[in-house]
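Peer 1: Curious how this folds, go ahead:
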Amino acid sequence: MKPILYIKSSSSEDVRLRKFLLYFSNKGINVFFWGWDRRNTNNKIKDVNTQYIHKKGCKSKKELIFNYFVWMFKLFFKLLFTKNLNQYNIIAINFDSCFPIYMASKFRRICYFYEIYDEFALSYNFPPIIKRLISSLDHKMMVRAKKIIHVDSNRCHKLESNSIIIENTPYDFLKGIERDYSKIERTFAIIGYFSATRGLDQIYKFAKDNLQLNFLLVGVFSNNEEYKLKFNQLPNIIKYDFMAQENLFELMLSCCGIFSLYNPSIEINKLAASNKVYDAMMLGIPVITNKEVINSKFIIENKIGFVVNYQYDKTWDILKENELLAKCKELGENGRKLYLEKYLFDNLVENRLMKELD
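Peer 2: Just a heads-up that it's a prediction; the model follows:
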């Protein structure tokens with residue numbers, strides 16, 4: 001098989017990206033990664049040839065926008081002057097990595113796979129004319145791509161005939177073993193980047209009103225010291241910084257639910273295909289999401305979690321009932337069974353992507 005070149009405007013710490021890099025390198029396939037090291041960590045994975053072609057943090061939206069342009073400019077010229085690009089299977093992640101490839105392909109022959117985590121035009125509050133322009137360019141990039149890789153079937157457009165769906169599912173931390181529920185407690189997990197758009201205000205109100213419940217926070221507060229201070233003052237908060245995924249999964253085995261909330265006023269959030277949903281399924285723990293997210297239908301239909309309103313209200317009472325732990329075990333077992341039957345990461349990559357790369 002050809003070597004694989006992944007391109008993304010992040011470090012290799014990105015959870016979904018890291019899974020693919022490890023999967024292919026463990027298969028003995030030569031893997032390369034070009035990225036943007038925003039936190040200057042110089043993170044590298046063993047056996048993955050990593051180059052950070054841009055290194056710059058962003059403390060404001062203006063700085064972020066400027067650095068997106070710098071990233072795309074640098075990537076365009078690297079693509080233009082790198083020899084023998086056709087020896088690679090190139091997988092570009094998101095608009096800002098794929099657009100430079102699309103432009104470079106007008107000057108030299110480049111084949112690429114286009115993987116879309118989030119549709120760029122919907123991710124920010126662009127003026128309508130800018131949003132239409134980005135969507136138009138996005139469509140052209142999709143048409144030229146060898147294949148389009150989506151994280152969820154809700155993200156596919158009707159006109160796409162060359163799409164592959166690989167859900168945001170993790171490797172099996174439990175390694176096929178039946179889940180042990182003897183250590184489950186009334187503790188809820190909040191993981192990742194904590195921000196107002198991910199229901200942080202609502203979770204804070206719920207935690208403050210229910211001191212008999214515990215909340216495991218693993219991650220960082222996104223540029224907001226006020227939230228950090230508020231949560232630190234609550235006695236029922238257990239806080240950790242980012243940690244290795246296997247350590248995180250071990251901690252979460254005692255939890256009775258994982259929050260995956262998204263502010264529905266942001267258009268892209270309604271299409272959220274959070275890895276937390278599949279992490280919860282793999283661990284046999286219910287996921288907690290809001291009904292405004294389209295994926296909540298999947299959660300209800302398969303009975304694998306709780307669905308509440310985004311705004312903290314009476315619908316959240318289900319999370320503090322006396323029979324909570326028994327209900328969590330029931331929903332968790334449903335999720336674990338579904339994960340083993342349909343969403344093992346290795347099976348998804350092997351059956352849906354490997355044949356396309358071959």
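Peer 1: Where does the prediction get shaky in the stretch 251-358 of the chain?
Peer 2: Residue ranges of the stretch 251-358 of the chain with pLDDT under 70: 273.
Peer 1: Let me see the ranges of the strands in it.
Peer 2: 257-259, 287-290, 305-308 (DSSP state E, counting those that start in this stretch).
Peer 1: Other residues contacting the last one?
Peer 2: This means strand 305-308. 257, 277, 280, 286-291, 296, 299-300, 315-316, 318-319, 331, 335 (CB atoms under 8 Å, 6 or more residues apart in numbering). In this view, the C-beta of every residue, glycine as well, is placed from N, C-alpha and C.
Peer 1: of these, buried ones?
Peer 2: Among those, those classed as buried by 16 or more other CB atoms under 10 Å are 257, 277, 280, 286-290, 296, 299, 316, 319, 331, 335.
Peer 1: Can you point out the buried residues in stretch 65-72?
Peer 2: Within stretch 65-72, the residues that qualify as buried are 67-68, 71-72, counting by 16+ other CB under 10 Å.
Peer 1: and what of stretch 105-116?
Peer 2: Neighbour-count burial for stretch 105-116, counted by 16+ other CB under 10 Å, picks out 105, 110, 112-116.
Peer 1: Give me the distance between the two termini of that stretch.
Peer 2: 19 Å (CA to CA, to the nearest Å).
Peer 1: do stretch 24-31 as well
Peer 2: Counting by CA to CA, you get 7 Å between the two ends of stretch 24-31.
Peer 1: Report the mean per-residue pLDDT for it.
Peer 2: The pLDDT scores in stretch 24-31 average 95.
Peer 1: So in this protein, which helix runs the longest?
Peer 2: When the chain is parsed with DSSP state H, its longest helix is helix 61-81.
Peer 1: From the chain's centroid, how far away is that one?
Peer 2: 22 Å (CA atoms, centre = their mean, to the nearest Å).
Peer 1: contact partners of the helix or strand following it?
Peer 2: Downstream of helix 61-81, the next assigned helix or strand under DSSP states H and E is strand 89-93. Applying CB under 8 Å, 6+ apart, the contact partners of strand 89-93 are 1-9, 17, 20, 98, 101, 110-117, 149, 357.
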